[in-house]
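1. kindly return the folded structure for what I paste below:
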Amino acid sequence: MADLIGKVFKAASASAAAVTDDDFADFASTSPAIAAPAAESAATISPLSFASSTPLGAPAGFDGPWYAVWERHSLSEFQTEGYIILLIMFIVGIHMWGARRNRSIAAGFIAAIAPILTKEFALVGFSEEGKPNTLDEKNILDANAAIQENTQMEFISYASGRQNIQFMHTTIKLQRRHNPVAWMAEIIFAFFFDAMPQPTDSITMTIAPFDGAEPPKAVSGSSKYDNFIWAVVNKRCMKKHREERYDLSLTRTSDWEGLPNWAAVMGESKEIGDMCLYQQLKDVIPECGDFLEYLIVSDMPKEKPSKLADYTPRKRITLELTIPSAATNPETLQRLVGAFIRLVDHLVANAHFRPEVLRKVKATREDEQKKLKRSIEDETKEERETKLAEKKKADRDAKLRGMSAAEQKKFLEKEREKERKDMMKKMGRKQ
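-> Alright, predicted model coming up:
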C-alpha cells in the first residue's frame, strides 16, 4: 500500500514539473535581442577606460588625451573675441595717450610762463614740503608740481605772495583726448552744427586783488581802486562772451587807437579805457591775435545776479587764452602774462577817476539794482496773489460744504450774477 502511494506521488510531481517548465520557458531562456556580456569583455572594463574616451567637443576620430586642448581646438574659433580684445586695447591705449598728452600740455604751459611766475610771486603751485615756487634741485620751477589735476581734462595752478594781489588762480581746460569716442563726437558735431563750439584747449587766469583788504601787518599803502568794467576782446568771440558774461553786457563796444582790427574794447567810459590800456599792454596785444580771447577788469559778477547782495563789488582781473598757439609763442606769452599781472599795480596807482566818470558807473549799477528789485517785487506780489486766491477758494469750498442744497444753489446763482455785472462794467470801461 505504501509502495503504491509513493509511486502515485512521484508521478504527480513529474507532471507538475513538466507543466511549469512549459509555462515559463519563454522567460527562462536568454533573449536573442540582448546578449549576455562575455566574460572577457566584462573583465576589460575599468575606471581608466573612461579617461581615455573621446573628450566632450572633440572632433570625430580624436584619439588624444583629454587634456590636449590645443589638438582639438584652434585660434580661428575665437576670431570675434580677438577683435573685441584688440578694440579694448586700442581704446585703453588712446585713453592713456590722451591723459598723458593733456598733462604734458598743461605742464608745458606752466613751464613756458615759469620765469614770469617765479619773478612775480613768492609761491607757485602746490608744494607738499612748503618750498617757495615748488622749485626743484636746480632752483627751477617744477611744472608738474605747479599744477594739480582735477580731472583728466582740467588742471589748476595757484600763485600767491605778491603786493596788491591776494592770489592768481589758473584753470587749464583741455580737449577730451582721454575719451576718444566723446572727443571724435564733439569734433564731428561741431563740424556739422554751428551751435556746437569747436573743441579747444583754453587757459583762464584770474587775479583777485586785495582792494584794501591787506593783512594788518602789510607795510605797503592801500591797494584800493575804483569800481568799473573794462575789457579787450577778440572780435571772433566777442558776441559769445557778451552773451555769456553779465558784466560785459553792461559795457559799450568800440575800436581803439593803437590796437589791431581783430581787437575790440568794451568799457563804460573812454577815460577808463585810456587809463587801463597802459603802454606795456598796448605793445604786446597786437602780437597775441592767435591766442588772446579776452582780458577783463571787472567788479561785477560773471553770472546775472539773482539777489541784491550779488551786486556787492567783487573785483577780478581775468585773462583767457587758447593753446597750442599760446605755447608756440613763449616770448609773447611771457610778455602778455607779465603785463596782465602788473596791470594790478597800474590800477592801484591810477584807477581813481573824476566824480563825473564815477557817477556814470554808479548810475549803471543802480539801474540794474532797480530792475532786479522790481523783478523780485513782482515775483513776491505774484506769490502773494496766488496764496490769497488759494485761501479764498478754500474758504469758499468750506462755506459751500456747510450749506444745504437749496442754499448752495442760491449762493452759486448770486456768484454768477456778480461775475456778470463785473463783466458788464469792464465792457463799459473799454467802450
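2. now for Lys173: which residues touch it?
-> Neighbouring residues of Lys173 by CB atoms under 8 Å, 6 or more residues apart in numbering: 153-154, 201-204. No exception for glycine: its C-beta is placed from N, CA and C like everyone else's.
3. list the contacts of Lys410.
-> Counting by CB under 8 Å, 6+ apart, Lys410 touches no other residue.
4. right, I mislabeled it, should have said Thr170
-> By CB under 8 Å, 6+ apart, Thr170 lies in contact with 110, 156-159, 203-206.
5. only the buried residues of whatever helix or strand it lives in, if you could.
-> Assigned by DSSP states H and E, Thr170 falls within strand 165-173. Residues 165-166, 168-170, 172-173 are the ones in strand 165-173 that count as buried (16 or more other CB atoms under 10 Å).
6. let's see the following helix or strand past it as CSV, backbone CA atoms only.
-> Proceeding N to C from strand 165-173, the next assigned helix or strand is helix 180-192, under DSSP H and E. Coordinates of each C-alpha in helix 180-192 appear next as CSV, following Å, rounded to 0.1, in the frame of the first residue of the first chain:
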residue,chain,number,x,y,z
PRO,A,180,38.4,109.1,-27.9
VAL,A,181,34.7,108.4,-28.6
ALA,A,182,33.4,111.6,-27.0
TRP,A,183,36.3,113.6,-28.4
MET,A,184,35.5,112.5,-32.0
ALA,A,185,31.8,113.1,-31.4
GLU,A,186,32.4,116.6,-30.3
ILE,A,187,34.6,117.3,-33.4
ILE,A,188,32.1,115.9,-35.8
PHE,A,189,29.1,117.7,-34.3
ALA,A,190,31.0,120.9,-34.2
PHE,A,191,31.8,120.5,-37.9
PHE,A,192,28.2,120.0,-39.0
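7. that older thread, list just the nearest of the buried residues of strand 165-173 to Tyr225.
-> Ile165 (12.7 Å; CB to CB).
8. which residues in this protein form strands?
-> 123-124, 148-151, 154-162, 165-173, 201-209, 230-234, 252-254, 263-267, 292-298, 316-323 (DSSP state E).
9. to Pro286, which of these lies closest?
-> Closest among the strands of the chain, using CB to CB: strand 263-267, at 7.9 Å.
10. can you pull the contacts of the nearest residue to Ala111 once chain neighbours are set aside?
-> Nearest residue to Ala111 in three dimensions, chain neighbours excluded: Ala143, at 4.0 Å (CB to CB, 6 or more residues apart in numbering). When contacts are counted by CB under 8 Å, 6+ apart, Ala143 is found next to 107-108, 110-111, 114.
11. so which of those residues sit within helices?
-> Among the contacts of Ala143, the residues falling in helices (DSSP state H) are 107-108, 110-111, 114.
12. low-confidence stretches in the protein?
-> Where the chain drops to pLDDT under 70, the residues are 1-63, 127-139, 216-220, 324-328, 430-431.
13. how far away is Phe210 from Ile165?
-> Note on Phe210: its distance to Ile165, by CB to CB, to the nearest Å, is 7 Å.
14. one more: Gly221?
-> Counting by CB to CB - Gly221 and Ile165 are separated by 15 Å.
15. over to Ala159?
-> Applying CB to CB, the value for Ala159 to Ile165 is 8 Å.
16. again, but for Gln79
-> 63 Å.
17. now do the helices in this protein.
-> 2-23, 25-28, 39-44, 48-51, 69-72, 79-112, 114-120, 180-192, 238-244, 270-276, 279-284, 330-350, 355-401, 405-430.
18. let's have those helices in TSV, adding distance to Ile147.
-> Shown next, in TSV, are the helices of the chain (distance: least, CB to CB, whole Å):
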stretch	distance to Ile147
helix 2-23	105
helix 25-28	96
helix 39-44	78
helix 48-51	64
helix 69-72	51
helix 79-112	5
helix 114-120	11
helix 180-192	21
helix 238-244	25
helix 270-276	30
helix 279-284	24
helix 330-350	15
helix 355-401	37
helix 405-430	68
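19. drop anything exposed from the contacts of Thr170.
-> Here, 16+ other CB under 10 Å leaves 110, 156-159, 203-205 buried among the contacts of Thr170.
20. turn the residues you listed into CSV, including distance to Ser306.
-> Output for these, formatted as CSV (distance: CB to CB, whole Å):
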residue, distance to Ser306
Ile110, 36
Ile156, 27
Ser157, 31
Tyr158, 29
Ala159, 32
Ile203, 29
Thr204, 23
Met205, 27
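21. ok, of the residues you listed, which one's closest to Phe411?
-> Thr204 (66.3 Å).
22. give the contact list for the closest one.
-> 170-171, 173, 318-320.
23. ok, the strand holding Thr170: who's next to it in the sheet?
-> strand 154-162 (antiparallel), strand 201-209 (antiparallel) (DSSP bridges).
24. now the first one against helix 79-112, angle please.
-> Between the axis of strand 154-162 and that of helix 79-112 there is an angle of 20 degrees, by axes from the mean of the first three to the mean of the last three CA atoms, to 10 degrees.
25. how distant is strand 154-162 from the center of its chain?
-> 22 Å (CA atoms, centre = their mean, to the nearest Å).
26. who touches it?
-> Contacts of strand 154-162 from elsewhere in the structure, counted by CB under 8 Å, 6+ apart, are 102-103, 106, 110, 117, 120-126, 132, 146-150, 166-174, 341.
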